[in-house]
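Trainee: no FASTA, just this:
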C-alpha cells in the first residue's frame, strides 16, 4: 500500500513560507509577503512606501495611523496591503520581530513554487501604507520626488541640463522653491520617470560612453521598429515600482522554464515577476537599437538570458549590470 504524502509536504512548505513578511530593498515597496487569497490561491502582497519612515515608536503617530486605516476595527483581509501595514504598526511587536530570519531567497529555497507567483497590480493608493511625516497623513505630493535616484537630482540647473542632454532631453524641471529648490533632467517629472522606467537608459548611457567603434548591437532601430508603450502594460510597469505585466502564454511558459532551470542549479533564485520586468525592458530597448536580424521577442529574451547570467555570478558588461541591477 502506497501513501501519498504530497499534500502534507505542500502544507508544511506553505506553513513555513506563507504569512512571513520580508524586506524588499529593491522594491517595489518596503516589504512583501506571500499569502492565500479568498480563492485559496497563493498571491504576493507588496506594502510600505520605501521612501517613508515608519514612526511606529511614536505613540501619537501610531494611534493616528491605526485610526486612519481602521486597523483595530477593519484592517481588511490578509491578501490586502492595509492588513500588513496595520501589522507593522502594532504596539509591542517590532518590525524586526516580524521579518527576522526571512528573506525572499530563503523562502524560494523552502518553497520553490513561490517563484512562479506573479507580481500584483500596484493600483492601490500609494499614500495608504505610510505616514509622510507631516503629521496629517496627507502623503505630500512633493514626497514623490524622493523616489528619484539621487544621481538625477541637482542643486543647480546647469548640472541638470548637462545630464538632460546625456539622456536625450532638451529641457529640465524643478521641485521646491528658493534655497530648497532641486533640478532634474526632462521637461516634467513624469517624462523623467518614464525614461528611467523604460529600461533603456542604463544601456544607452553605458554604450554611449564606451570608447572605440560601436558594436552591431548598437545599430539604431528603423522607424518602423520604434514603438512607444504597450497596449497591454502600463507605462513604468518594468520599472522599480512596476506592477503586474501581461505577456502571451508562450512567452510566460518560456520564462517559467528558465526559472525552473536556474533555480534548480543556483543559490540566487529568481522569480517570474523579475524576468517579466527584464523581458519588457528588452522589448522596449529594441525600439532604440538592436543587432540586425533580431526580432523584438528574441532581443527581449536575450536580455533575460544576460540577467540570469548576472544572477548566477557570470561576467557581464557594466552597462548590462547597471541597466538591470535594480531588479
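Mentor: It's in. Predicted, not measured: the structure shown is a model, and the values here were computed from it. Numbering: from 1, shown residues only.

Trainee: Give the next helix or strand downstream of the helix or strand of the chain with the lowest mean pLDDT.
Mentor: When the helices and strands of the chain are scored by mean pLDDT, DSSP states H and E, helix 201-209 comes last with a mean of 52. Counting by DSSP states H and E, the next helix or strand C-terminal to helix 201-209 is helix 249-265.

Trainee: just checking, what packs against that following helix?
Mentor: Helix 249-265 is packed against helix 272-285, helix 296-311, with contacts defined by 3 or more CB pairs under 8 Å, 6 or more residues apart in numbering; DSSP states H and E. Quick note: C-beta positions are derived from backbone N, CA and C, even for glycine.

Trainee: With respect to residue 76, which of those helices lies nearest?
Mentor: With CB to CB as the measure, helix 272-285 is the member of the helices and strands packed on helix 249-265 nearest residue 76 (22.7 Å).

Trainee: helices or strands next to that closest one in the packing?
Mentor: Secondary-structure packing of helix 272-285 (3+ CB pairs under 8 Å, 6+ apart): helix 249-265, helix 296-311, helix 318-324.

Trainee: Sketch out the low-pLDDT regions of the protein for me.
Mentor: Applying pLDDT under 70 to the chain picks out residues 1-9, 51-53, 121-148, 176-180, 197-222, 224-243.

Trainee: What residue spans form the domains of it?
Mentor: 1-139, 214-327 (automatic domain parsing).

Trainee: Of those domains, which is nearest residue 153?
Mentor: For residue 153, the closest of the domains of the chain is domain 1-139, at 12.9 Å, according to CB to CB.

Trainee: hang on, the earlier thing: with respect to residue 165, which of the helices and strands packed on helix 249-265 lies nearest?
Mentor: When the helices and strands packed on helix 249-265 are compared by CB to CB, helix 272-285 sits nearest residue 165, at 20.4 Å.

Trainee: got the contact list for residue 79?
Mentor: By CB atoms under 8 Å, 6 or more residues apart in numbering, the contact list for residue 79 reads 35, 36, 37, 38, 43, 45.

Trainee: okay, now residue 257: neighbour count?
Mentor: When neighbours are defined as other CB atoms under 10 Å, residue 257 has 10 of them.

Trainee: what does residue 74 give?
Mentor: Residue crowding around residue 74 was assessed by other CB under 10 Å; the count is 10.

Trainee: Distance check, it against residue 67.
Mentor: Separation of residue 74 from residue 67 (CB to CB, to the nearest Å): 12 Å.
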